[in-house]
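J.: pasting the structure only:
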């Protein structure tokens, strides 16, 4: 595991979007990533949803996949440093 890298998804969700996860699964997973920062309030979002499972599968998960693919296309120390800083700030607030 790395400090920054795509967060692993539950197997059942990986299987639902297997082709989209191929590149993501080839990378070393991280403690934080773009989706961790963007969806730091994920549990609150899902609690407000009429159908949390559907909200996750149809809205949140595709965006998480897109963000992981975006990161995997151009990982860099600069991006990692920004993500670590944002994660620390998020945890402190």
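T.: Looks like it arrived, so ask away. Just so it is clear, the model here is predicted, and its values are computed rather than measured.
J.: what segments of the chain are helices?
T.: Using DSSP state H, the helices of the chain run over 11-16, 18-25, 34-38, 42-48, 52-55, 61-73, 77-92.
J.: distance of the residue of the chain positioned farthest from its centre relative to residue 67?
T.: Centroid-distance maximum for the chain: residue 50 at 22.3 Å, with Cα atoms, centre = their mean. Note on residue 50: its distance to residue 67, by Cβ to Cβ, to the nearest Å, is 24 Å. Where C-beta positions appear, they are placed from N, C-alpha and C, glycine not excepted.
J.: show residues contacting stretch 58-73.
T.: Contact with stretch 58-73 is made by 5-7, 9, 13, 16-17, 20-21, 23-24, 26-27, 33-35, 38-39, 42, 45-46, 79, as judged by Cβ atoms under 8 Å, 6 or more residues apart in numbering.
J.: quick one: distance of that stretch to the chain centre.
T.: Stretch 58-73 sits 7 Å away from the centroid of its parent chain (Cα atoms, centre = their mean, to the nearest Å).
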